[in-house]
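Asker: Build me a model:
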Amino acid sequence: MKRFYLLFICLLIGGINSFGQNPTSKNPNFFPIGVWLQSAENAAAYRAAGINVNIGVWQGLNQEKLDKYKKARMKLICDQNQFGLDHLKDSAIIAWMHGDEPDNAQAKKNGGQGYDPCVDPQIIINDYNKIKQKDPSRPVYMNLGQGVSYINYNGRGECRGNIDKYKESTNGYLKGSDIASFDIYPVNNSDPESHNNLWYVPKGIDSLRSWTYYKKPVWCVIECTKISPRNPRKPTTMEVTSEVWMALIHGAKGYAYFCHSFVAPQDEAALLHDPVMLKAVTALNKQVTSLAPVLNSPDTNDYATVKSSNKDVFVDFLTKNQGKANYIFSVGMRLGFTTATFNVKSGNSVEVIGEGRKIAIKDGQFSDEFAPYGVHLYKIM
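Answerer: I've put the predicted structure just below:
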């Protein structure tokens with residue numbers, strides 16, 4: 001009995017609940033899909049695109065902004081300013097947040113030349129304790145930079161390659177958050193190591209999960225625009241879909257989009273002004289939301305195995321169970337074609353979700369073709 005009680009306390013502290021490590025909601029039909037630092041004026045448009053969380057409020061939350069977000073039925077993760085503290089009973093505020101990317105080299109104060117080192121993790125931990133002291137009821141969200149995945153990213157300056165500054169066990173940044181997030185934009189990146197390697201997104205998810213001993217929910221921020229004029233191109237709709245499902249299959253419990261473009265003329269809401277990408281993102285978000293009860297349920301173990309016909313393109317997958325249905329969410333992890341053969345423990349037929357086709361199971365297995373970075377979602381009965 002004592003061991004059970006101690007385990008319960010550990011799980012509680014770790015932010016784990018019965019709905020898939022989602023401390024922002026107890027509703028199994030809610031899966032966090034966010035946008036990064038978007039104005040309240042655009043909240044309704046993002047909500048129509050299947051986005052339900054706004055992360056960051058420029059110049060802080062006030063009554064006018066709160067009213068607009070609430071009218072759009074948009075939840076908020078924001079700085080803990082005095083206005084927020086005066087509205088602790090408002091359920092629209094689901095989490096507090098730190099400043100962005102403390103792990104990167106920091107701009108000199110007062111516009112000085114060069115950069116300061118990354119933020120000392122103890123500062124983040126101290127700020128976390130202050131936030132929790134003022135409101136222990138809400139989780140604290142922290143977004144880190146691409147060094148989580150691209151370990152030798154030179155944008156960390158003198159902190160480059162130092163993963164101990166991340167790890168909870170070494171009093172790193174992750175000790176100062178309840179929801180750990182990061183961003184990397186492989187298509188927009190121009191460095192040869194990560195450029196076009198979409199799998200750097202799930203690589204970062206794996207890092208954060210292991211550095212928190214799998215106790216805390218992990219999110220990520222996804223590219224969907226051409227961010228900088230220095231970068232080669234913007235992602236395709238297929239690449240955005242792949243990045244999202246790679247993250248989810250590797251255990252992400254939420255995700256958000258970076259919608260800015262700094263290509264002249266600069267556009268905070270570039271996603272909203274790209275009809276092709278907006279249509280694809282809307283369909284993707286609605287698909288994820290429709291599967292929220294499945295995604296928020298515990299993973300299943302040993303239900304399936306997979307073998308790829310192309311040794312250079314392995315297929316990653318996640319399995320879930322809801323009632324009489326088993327689910328396999330799968331993605332090709334490299335830029336190449338392959339055929340995946342799944343062996344499953346039960347089931348007679350496979351519905352390929354969103355594709356309008358079915359696959360028969362013969363002798364406990366079925367096969368399917370994968371395009372480069374292809375995604376297939378299976379419901380098995």
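Asker: what's the neighbour count on the closest residue to residue 197 other than its chain neighbours?
Answerer: Computed as C-beta to C-beta, 6 or more residues apart in numbering, the closest residue to residue 197 that is not its neighbour in sequence is residue 186, at 5.3 Å. For the C-beta atoms, the positions are set from N, CA and C on the backbone; glycine is no exception. Residues contacting residue 186 under the criterion other C-beta atoms under 10 Å number 23.
Asker: Okay, residue 186 and residue 333: tell me how far apart.
Answerer: For residue 186, the distance to residue 333 equals 13 Å [C-beta to C-beta, to the nearest Å].
Asker: what do you get for residue 80?
Answerer: In terms of C-beta to C-beta, residue 80 sits 38 Å off from residue 333.
Asker: just residue 87 next, same as before
Answerer: Using C-beta to C-beta, one obtains 44 Å as the distance from residue 87 to residue 333.
Asker: more crowded one of the two?
Answerer: It is residue 333, of residue 87 and residue 333, that has more neighbours when counted by other C-beta under 10 Å, with 23 against 14.
Asker: Do I have it right that the more buried one meets residue 246?
Answerer: Yes - between residue 333 and residue 246 there is a contact under C-beta atoms under 8 Å: 7.2 Å.
Asker: List the residues that are in contact with both of those two.
Answerer: Shared contacts of residue 333 and residue 246, defined by C-beta atoms under 8 Å, 6 or more residues apart in numbering, comprise 199, 202, 316.
Asker: Give me the average confidence score over the one helix or strand the last one maps to.
Answerer: Take DSSP states H and E as the rule and residue 316 turns out to sit in strand 315-322. When the per-residue pLDDT values of strand 315-322 are averaged, the result is 97.
Asker: Give the buried residues for it.
Answerer: 315-321 (16 or more other C-beta atoms under 10 Å).
Asker: Excluding chain neighbours, what is closest to residue 199?
Answerer: Excluding the flanking residues, the one nearest residue 199 by C-beta to C-beta, 6+ apart is residue 333, at 5.2 Å.
Asker: got it, and residue 303?
Answerer: Residue 303 sits nearest to residue 319 (C-beta to C-beta, 6+ apart), 4.5 Å away.
Asker: any idea how far residue 294 is from the one you found?
Answerer: Taken as C-beta to C-beta, the span from residue 319 to residue 294 is 10 Å.
Asker: anything in contact with each of these two?
Answerer: Taking C-beta under 8 Å, 6+ apart as the criterion, residue 319 and residue 294 both touch residue 327.
Asker: Residue 372 reaches residue 331, doesn't it?
Answerer: No - using C-beta under 8 Å, residue 372 is not in contact with residue 331; the gap is 10.7 Å.
Asker: Comparing the two, which shows the higher neighbour count?
Answerer: Comparing residue 372 with residue 331 by other C-beta under 10 Å, the one with more neighbours is residue 331, at 28 against 15.
Asker: The more buried one contacts residue 315, doesn't it?
Answerer: Yes - with contacts counted by C-beta under 8 Å, residue 331 reaches residue 315, the gap being 7.0 Å.
Asker: low pLDDT regions in the chain?
Answerer: The model of the chain has pLDDT under 70 over residues 1-21.
Asker: now do 50
Answerer: Scanning the chain with the threshold set as pLDDT under 50 gives 1-20.
Asker: where along it do the helices fall?
Answerer: Secondary structure of the chain by DSSP state H: the helices cover 2-13, 43-48, 63-71, 82-85, 121-134, 200-211, 237-249, 275-290, 292-295.
Asker: contacting residues for the residue nearest to residue 218 when sequence neighbours are not counted?
Answerer: Closest residue to residue 218 apart from its sequence neighbours, by C-beta to C-beta, 6+ apart: residue 208 at 4.4 Å. Neighbouring residues of residue 208 by C-beta under 8 Å, 6+ apart: 144, 148, 166, 174, 180-182, 218.
Asker: just to revisit the earlier point, quick one: which of the buried residues of strand 315-322 is nearest to residue 253?
Answerer: Residue 253 has its nearest neighbour among the buried residues of strand 315-322 in residue 318, at 12.1 Å by C-beta to C-beta.
Asker: Beta-bridge partners for the closest one, please?
Answerer: Beta-bridge pairing for residue 318 (DSSP bridges): residue 329.
Asker: same question, residue 380
Answerer: residue 326, residue 350.
Asker: Quick check, it in contact with residue 323.
Answerer: No - using C-beta under 8 Å, residue 380 is not in contact with residue 323; the gap is 12.0 Å.
Asker: neighbour count winner among those two?
Answerer: residue 380 (24 against 7).
Asker: residues contacting the more buried one?
Answerer: 325-328, 344, 346-347, 349-351, 361.
Asker: what about the residue nearest to residue 199, distance to residue 30?
Answerer: 28 Å.
Asker: Now do the same contact list for residue 146.
Answerer: Residue 146 touches 153, 155, 182-185, 189, 194, 200, 204, counting by C-beta under 8 Å, 6+ apart.
Asker: Hmm, I typed the wrong one, I wanted residue 119.
Answerer: Listed by C-beta under 8 Å, 6+ apart, the contact partners of residue 119 are 102-103, 106.
Asker: go on, residue 75?
Answerer: Contact analysis of residue 75 by C-beta under 8 Å, 6+ apart lists 24, 32, 52-54, 69, 92-94.
Asker: let's see it at 6 Å
Answerer: By C-beta atoms under 6 Å, 6 or more residues apart in numbering, the residues touching residue 75 are 52-53, 92, 94.
Asker: Which residues are in contact with the residue nearest to residue 197?
Answerer: Per C-beta under 6 Å, 6+ apart, neighbours of residue 186: 194, 197-198, 200.
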